[in-house]
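**Student:** Just need the structure, nothing else, for what follows:
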Amino acid sequence: MARKFIQLIIDKQVAHVILNRPEKCNALNFDMFRELDEVIREIKRDCSIHGVILSGSDGNFSSGLDVKSVINSPIQAVKLLFKWLPGNANLAQRVSIGWRRLPVPVIAVLDGVCFGGGMQIALGADFRIASRDAELSIMEAKWGLVPDMAGLVSLREVVSRDQALMLTMTAGVLSAQDALSKGLVTEVVDDPMARAVELAAVLAKTSPDANAAIKMSINNSWSSSIRSLLSRESISQIRLLVGKNRLIAAKRQTSEPDKAYKDRQARW
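**Tutor:** This is a model prediction of the structure:
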């Protein structure tokens, strides 16, 4: 499928998703939201994909929402925010929470600026690897808005309540090191893309079904009841025990260290 603003390149069972609007520092217009949503659904359907690396083109992740383009098209703004039920995710929210719902590890590579809507997208990733000169901000309050792209789902897990309030109310710009100290990013390195590729290779040594089960269990059980957590763990373990990749994982630890995993199970 031809896309104008989002590139999808699959290499060695890793999907590289690239925000590609460099002349605007990858600012998000309506078509980028739509294309990102399509890519997330495509990756979810492809059981041969075992990991995702999410990045921006030309040295920036994303400068956030292209406010002018959205304001100039009220119909697009409605399409972006519309939902049938309040508890459902609209298009703007799906491009953040959608990464959490994928049954594969998602690594965000944060170069340059990562502001507003870009930060909300990055928060949907499982890991955020930032360059030393990256700048990050939850910037919606600057425009008199509330962050409404589902990034709070992850934000409440990685920072304390008072820090979440400080970051969202002040719309302050953080250095990569400050973001690391607050928990907004996972690592700060000289070459975040090289580190992301390295991490994806390490994660690929684990069964894709085990990775899917671990991600689902941690995300869904992080704030749920103990009974729900115990139930989810038991159900996942049974599914893993009867799956082909569990046997392959055992062989990789003993007689066949290079034996390839099968595609992950379709439903997690």
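**Student:** Now the element after the helix or strand containing Q93, going C-ward?
**Tutor:** Element membership for Q93, per DSSP states H and E: helix 91-101. For helix 91-101, the following helix or strand on the C-terminal side (DSSP H and E) is strand 106-110.
**Student:** Pull the distance from that next one to the chain's centre.
**Tutor:** 7 Å (C-alpha atoms, centre = their mean, to the nearest Å).
**Student:** now for that strand, which elements pack on it?
**Tutor:** The contact analysis (3 or more C-beta pairs under 8 Å, 6 or more residues apart in numbering; DSSP states H and E) places strand 106-110 against strand 51-56, helix 117-123, strand 127-131, helix 192-203. Placement of C-beta: from N, CA and C, glycine included.
**Student:** Swap in 6 Å and give it another go.
**Tutor:** strand 51-56, strand 127-131, helix 192-203 (3 or more C-beta pairs under 6 Å, 6 or more residues apart in numbering; DSSP states H and E).
**Student:** could you redo the ones you listed as JSON lines and give each row distance to A89 and mean pLDDT?
**Tutor:** Below are the helices and strands packed on strand 106-110 laid out as JSON lines (distance: least, C-beta to C-beta, whole Å; pLDDT from 0 to 100):
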{"stretch": "strand 51-56", "distance to A89": "18", "mean pLDDT": "98"}
{"stretch": "strand 127-131", "distance to A89": "21", "mean pLDDT": "98"}
{"stretch": "helix 192-203", "distance to A89": "26", "mean pLDDT": "98"}
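**Student:** would JSON lines of those with distance to L247 and mean neighbour count be doable?
**Tutor:** Putting the helices and strands packed on strand 106-110 into JSON lines (distance: least, C-beta to C-beta, whole Å; neighbours: other C-beta atoms under 10 Å) gives the following:
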{"stretch": "strand 51-56", "distance to L247": "22", "mean neighbour count": "25"}
{"stretch": "strand 127-131", "distance to L247": "28", "mean neighbour count": "26"}
{"stretch": "helix 192-203", "distance to L247": "20", "mean neighbour count": "18"}
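**Student:** Among these, which comes closest to I218?
**Tutor:** Nearest to I218 among the helices and strands packed on strand 106-110 is strand 127-131 (12.7 Å), distances taken as C-beta to C-beta.
**Student:** buried stuff in the helix holding Q93?
**Tutor:** For helix 91-101, the neighbour count (16 or more other C-beta atoms under 10 Å) marks 91-100 as buried.
**Student:** closest to L203 among those residues?
**Tutor:** Distances from L203 to those, taken by C-beta to C-beta, are shortest for W99, at 14.6 Å.
**Student:** contacting residues for the nearest residue to that closest one once chain neighbours are set aside?
**Tutor:** Nearest residue to W99, sequence neighbours excluded (C-beta to C-beta, 6 or more residues apart in numbering): G124, at 3.7 Å. Applying C-beta atoms under 6 Å, 6 or more residues apart in numbering, we find G124 in contact with 96-97, 99-100.
**Student:** Kindly report the same for R100.
**Tutor:** 124, 219.
**Student:** can you redo the helices and strands packed on strand 106-110 as a markdown table with distance to D11?
**Tutor:** A markdown table is the format used below for the helices and strands packed on strand 106-110 (distance: least, C-beta to C-beta, whole Å):
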| stretch | distance to D11 |
| --- | --- |
| strand 51-56 | 9 |
| strand 127-131 | 18 |
| helix 192-203 | 9 |
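**Student:** Generate JSON lines for the contacts of G124, with pLDDT and distance to R267 as supplementary columns.
**Tutor:** Output for these, formatted as JSON lines (pLDDT from 0 to 100; distance: C-beta to C-beta, whole Å):
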{"residue": "S96", "pLDDT": "96", "distance to R267": "22"}
{"residue": "I97", "pLDDT": "96", "distance to R267": "18"}
{"residue": "W99", "pLDDT": "97", "distance to R267": "18"}
{"residue": "R100", "pLDDT": "96", "distance to R267": "16"}
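**Student:** With that, I have no additional questions.
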